[in-house]
Structure formats: structure tokens, C-alpha cells
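Enquirer: Coordinates for the following, if possible.
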Amino acid sequence: MILHLPLDLYLLLITVSSNLGIAIKKEKRPPQTLSRGWGDDITWVQTYEEGLFHAQKSNKPLMVIHHLEDCQYCQALKKVFAQNEEIQEMAQNNFVMLNLMHETTDKNLSPDGKYVPRIMFVDPSLTVRADITGRYSNRLYTYEPQDLPVLIENMKKALRLMQAEL
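Expert: Model prediction:
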């Protein structure tokens, strides 16, 4: 019986230390933020309603990015979006930003269907700018990684249209 005690104690120590190691590893993961990888330096709103409120209050356009975590096209766009300094700077300073992984109740945000990725702009008067489109006729509001120059131009267009209509 005395021989079993050191063995039992040894097994207990191994169990506790391995569980402690697992707990420590779990804590080292970075916390999930509202950016979801689209740009950690950007201030993101949590809901469409919050985005509309801030767009109106700050007099900045709202940029809504519809995406899904398991969509390869969304992931590819997210990667180049997050790495592009011009987009990140404009998003950070000139837009109210929202990325959604679910649809909203506003049907104006899906004028040609509920596909992802889809990027829409809403001006401070709360008008969805269906006239700001990407380059694809079958998915007007989608962008692919090579379409970043089009997206940058559309972001600038959203800002120009807003200024012209004030």
C-alpha cells in the first residue's frame, strides 16, 4: 500500500500539470473582436441599427460587409482588405464600419440577392446606395481580392456623393 501512494501521487501530479498546461494554452489565444479579422485598428459597430445611428450622428457613410467565416471568397477578400493601408485608413477615419455574418431585416441591403461577400454603403441620410456597385453584373455588390482598386474607388465615391448631397 505504501508503494502505491508515491505512484498515485505521481499520477495525480501529472494529471494536474497537464490540465494546467491546457488551461494556460487556451488563455493565450487573442480575444475575438468585432473586426473578425477585417482590421483591428478600425472601430467597428456591433449591429446594423447601431451603424445607422452612428452614421447619422457622425455624418459619415456606413459601410456594411456581409461575409461568412467558412466562405473561401470572404476569407480571400478579408485578407487583402486587412492588409491594404489605403482601405484601412479610409475605413478608420471616414466611415462607420460594420461586418455582418447574418442578414439584416433591411431588404435594401440585398437588392440583388443574399450572397457573400457583399459590400454595401449607406449614407448619413440612411439611404442605401444601391448605385455604388462592383464590377460584376450577376453580383453587383461583391468584390474579389483583385477588385480592391474598384472598392477603393467606390469608398471614395461614397464620400463624394455624401459631400455633394449635403
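
Enquirer: and the gap between the residue positioned nearest the centre of the chain and residue 45?
Expert: When Cα atoms, centre = their mean is applied to the chain, the residue found nearest the centroid is residue 99 (3.7 Å). Here the criterion is Cβ to Cβ, to the nearest Å. By it, residue 99 lies 9 Å from residue 45. Quick note: C-beta positions are derived from backbone N, CA and C, even for glycine.

Enquirer: what residues are shared contacts of these two?
Expert: residue 34 (Cβ atoms under 8 Å, 6 or more residues apart in numbering).

Enquirer: could I get stretch 73-80 in CSV with only the CA atoms?
Expert: Extracted in CSV, the C-alpha atoms of stretch 73-80 (Å, rounded to 0.1, in the frame of the first residue of the first chain):
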residue,chain,number,x,y,z
TYR,A,73,-14.1,34.0,-51.1
CYS,A,74,-14.8,36.0,-48.0
GLN,A,75,-11.6,34.9,-46.4
ALA,A,76,-9.6,35.9,-49.5
LEU,A,77,-11.2,39.3,-49.6
LYS,A,78,-10.8,39.8,-45.8
LYS,A,79,-7.0,39.1,-46.1
VAL,A,80,-6.3,41.7,-48.8
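
Enquirer: Run through who's touching it.
Expert: Residues from elsewhere that reach stretch 73-80 (Cβ under 8 Å, 6+ apart): 36-38, 67-69, 116-117, 142-145, 148.

Enquirer: same thing with stretch 153-166?
Expert: 59-61, 63, 87, 90-91, 94-95, 119, 121, 123-125, 129, 132-134.

Enquirer: Give me the buried subset of these.
Expert: 60-61, 63, 87, 90-91, 94-95, 119, 121, 123-124, 129, 132-134 (16 or more other Cβ atoms under 10 Å).
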